[in-house]
Structure formats: structure tokens, C-alpha cells
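J.: okay, predicted coordinates and the sequence, questions at the end:
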Amino acid sequence: MEIKNHFGVYGVCFKENELLCIKKNAGPYRGRFDLPGGSQEIGEGLTETLVREVLEETGFTISSYSNPRVYDVFVREEKMTDTVHHIMVFYDFEIDPRFKQKKLLSIVADGANDSDSEVWINLDLIDSENSSPLVLKIKEEWLGKAELEKTSYNNWKVRGTSD
């Protein structure tokens, strides 16, 4: 068994009781709701990554960000031996109302866009069958139950592989 590290920066934005998510079209969270965000480009600071990724994956421009925090999860896909240690930095952010939402591009700075579109999801509808570990962590925060200890998903089902 090998453990591979993945580091990403992600945005958290609420509108009333709804969380801004993306419809993920690639990777282990494909077919689920995920947070906008992702990997840093060479030379980017954390907040630069946040601003770029939110724009690329949702079309929204950020006006402000706050409340940085870090969590980690271990994800091993079903029928696989390798595990991904996903280290994630979250920032709360506000959408800048001065800018119109931009159309999503199929190709972005780091390759193909892994977001089909943005979607606002009621927190009551979020569960382990339809959401990524990142979105599940935000629901835990919302419920006041977020754990700082690692979370492990040892038989993670990738959607679209044999549903």
C-alpha cells in the first residue's frame, strides 16, 4: 500500500441554508458535490489559488475571504490498494456582486476543468452518497461536529465506474 499526498485550497460560501458546490466530473469525487478549489500552481499563494479556482470552477469572483482552517482525510477507493492523504485548506468567501458570473471554460490553468457547473445545495440534502469528503466536513462544521482528527474513507466508491 502506498500513501499519496494531495494538497488543495477550497472555498466555502453560503447563501441562506445553501452551500456553493460544484458538480465534479473527474477524479475520486466524480459524480458528487464538491467544494470549488484545487491544487496550487507554481508560485501561487494560498489565497491566489482560492481566487483562481473559484473563478475557474464556478464563474464567480471573490470579494473577500476569511477564516482559514486545515483538515485532512485519507481516501482509499474501493478495490484499490493506494490511499490518498488529502490535505485541505478551507476559506470562507463572499461573492463580489459587482462582477457578472463568467461562463466556465473546459480548459483551465491546470488542464481540463473538473467542474461541470456550480450548484447551491441545501445542507440538509448533503450526505455521504452524494458529496465529497470536503463537503461532508463543511456539513460537520455547520452541525458543530467537525473533528480535527483525521477522517478515513477506506472503501470510497467513485461514481460513474459501475453505479
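T.: Looks like it came in fine.

J.: for this protein, longest helix please?
T.: Ranked by residue count and defined by DSSP state H, the top helix of the chain is helix 46-58.

J.: that one: what's the following helix or strand?
T.: As assigned by DSSP states H and E, the chain's next helix or strand after helix 46-58 is strand 62-77.

J.: partner strands of that next one, parallel or antiparallel?
T.: Its sheet considered, strand 62-77 pairs with strand 83-95 (antiparallel), strand 151-156 (parallel) by DSSP bridges.

J.: worst mean pLDDT among those?
T.: Ranked by mean pLDDT, the strands paired with strand 62-77 bottom out at strand 151-156, which scores a mean of 90.

J.: how far does that strand sit from the chain's center?
T.: Mean-position distance between strand 151-156 and its chain equals 16 Å (CA atoms, centre = their mean, to the nearest Å).

J.: got it, and stretch 63-75?
T.: When C-alpha coordinates are averaged (CA atoms, centre = their mean), stretch 63-75 and its chain have centres 10 Å apart.

J.: ditto for stretch 49-60
T.: Centroid separation between stretch 49-60 and its chain, computed with CA atoms, centre = their mean, is 11 Å.

J.: all further residue positions should be reported with the first residue as 222.
T.: New numbering, starting at 222: the last item is stretch 270-281.

J.: what's the mean pLDDT across that stretch?
T.: Average pLDDT, stretch 270-281: 94.

J.: in stretch 293-302, what counts as buried?
T.: Neighbour-count burial for stretch 293-302 flags 293, 294, 295, 296, 297, 298 (criterion: 16 or more other CB atoms under 10 Å). Heads up, the C-betas are built off the backbone N, CA and C, glycines and all.
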